[in-house]
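J.: Here is my input; please provide its structure:
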Amino acid sequence: MDVLNEPQGRERLLKLGVRNVPVVAKGGQYVFGQNLEDVAEFVGLHGTGHTPLPPEKLIEKWILVLRAAQRYVRQLPDRSLNERVIENRDRSIRLLAHHLFRIGEAFLETAIDGVEYAVQHANVPPKDGTFLTGDEIARYGETVIARLRKWWDGLVDKSLSRKVKTFYGMQPMHVVFERSTWHSAQHARQLIHILERYGIEPERRLTPDDLAGLPLPERLFE
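T.: Below is the predicted model of the structure:
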């Protein structure tokens, strides 16, 4: 159910004692939808059939996506940044673009500092009066890319098999890494859509090959 647009969906979610989506529920039991393997087990399937890309491929794709997002956000008119991404959700383009890069920063805080990947961990908004232009947001993205590269280059165990604490349970870092990669990619796709809405041709569009192997939603806004 679409809890954003269907009041009964939100009510059902709250009855479960949950404040975050996606969630798969059966009776009074539920599982968060962040790990699709957990969802498959919950509904009685033997896995999803999806094979995650190895970490060395994911880091390449993630940085490729972040570079693309830098290009796109610089193309956006600054005057448009406070407009809504979509009409029925109170989220500005500015917050979406910042969030796209904040996902990387949140991952690093979990991977390096051991901070729990909490429900709103990647949704920490920028301070008032900051990141008011596309260039400012893109420069923030540059710091995130630099930190990701430094972390990866200095990593001894690149299997990412170590488990980390998240709001949906202890997860292998590889799982959180993959989710963070496609999460940023999904929002980069949305930036392309926004540019098209303004009649702006996105500079060097992400291609199907660029995104191949990432378990992205079919639709732009789920």
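
J.: residue closest to the middle of this structure?
T.: For the chain, the residue nearest the mean C-alpha position is residue 183 (2.4 Å; C-alpha atoms, centre = their mean).

J.: wait, isn't residue 64 in contact with residue 209?
T.: No - in this structure, residue 64 is not within contact of residue 209 by C-beta atoms under 8 Å, at 10.3 Å. Backbone N, C-alpha and C define where each C-beta goes, glycine included.

J.: just checking, what packs against the longest helix seen in the chain?
T.: When the chain is scanned for its longest helix (criterion: DSSP state H), the result is helix 173-197. If you count contacts as 3 or more C-beta pairs under 8 Å, 6 or more residues apart in numbering; DSSP states H and E, helix 173-197 packs onto helix 55-75, helix 93-113, strand 163-166.

J.: And those: which comes nearest residue 145?
T.: Smallest distance to residue 145 across the helices and strands packed on helix 173-197 (C-beta to C-beta): 5.3 Å, for helix 55-75.

J.: Tabulate the CA atom coordinates of the closest one in PDB.
T.: The C-alpha coordinates for helix 55-75 follow below in PDB (Å, rounded to 0.1, in the frame of the first residue of the first chain):
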ATOM      1  CA  PRO A  55      32.400  -4.700  -3.800                       C
ATOM      2  CA  GLU A  56      35.100  -3.700  -6.300                       C
ATOM      3  CA  LYS A  57      32.400  -3.300  -8.900                       C
ATOM      4  CA  LEU A  58      30.000  -1.500  -6.600                       C
ATOM      5  CA  ILE A  59      32.600   1.200  -5.600                       C
ATOM      6  CA  GLU A  60      33.200   1.900  -9.300                       C
ATOM      7  CA  LYS A  61      29.500   2.200 -10.000                       C
ATOM      8  CA  TRP A  62      28.800   4.300  -6.900                       C
ATOM      9  CA  ILE A  63      31.500   6.900  -7.800                       C
ATOM     10  CA  LEU A  64      30.200   6.900 -11.400                       C
ATOM     11  CA  VAL A  65      26.700   7.700 -10.100                       C
ATOM     12  CA  LEU A  66      27.900  10.400  -7.700                       C
ATOM     13  CA  ARG A  67      29.900  12.000 -10.500                       C
ATOM     14  CA  ALA A  68      26.800  12.000 -12.700                       C
ATOM     15  CA  ALA A  69      24.800  13.500  -9.800                       C
ATOM     16  CA  GLN A  70      27.300  16.300  -9.500                       C
ATOM     17  CA  ARG A  71      26.900  17.200 -13.200                       C
ATOM     18  CA  TYR A  72      23.100  17.100 -13.000                       C
ATOM     19  CA  VAL A  73      22.800  19.200  -9.900                       C
ATOM     20  CA  ARG A  74      25.000  21.900 -11.400                       C
ATOM     21  CA  GLN A  75      22.700  22.000 -14.400                       C
END
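
J.: Give me the buried positions along the helix or strand just after the longest helix of the chain.
T.: For helix 173-197, the following helix or strand on the C-terminal side (DSSP states H and E) is helix 208-211. With burial defined by 16 or more other C-beta atoms under 10 Å, the residues of helix 208-211 counted as buried are 210-211.

J.: what's next to helix 208-211, contact-wise?
T.: 61, 64-65, 68, 185, 189 (C-beta atoms under 8 Å, 6 or more residues apart in numbering).
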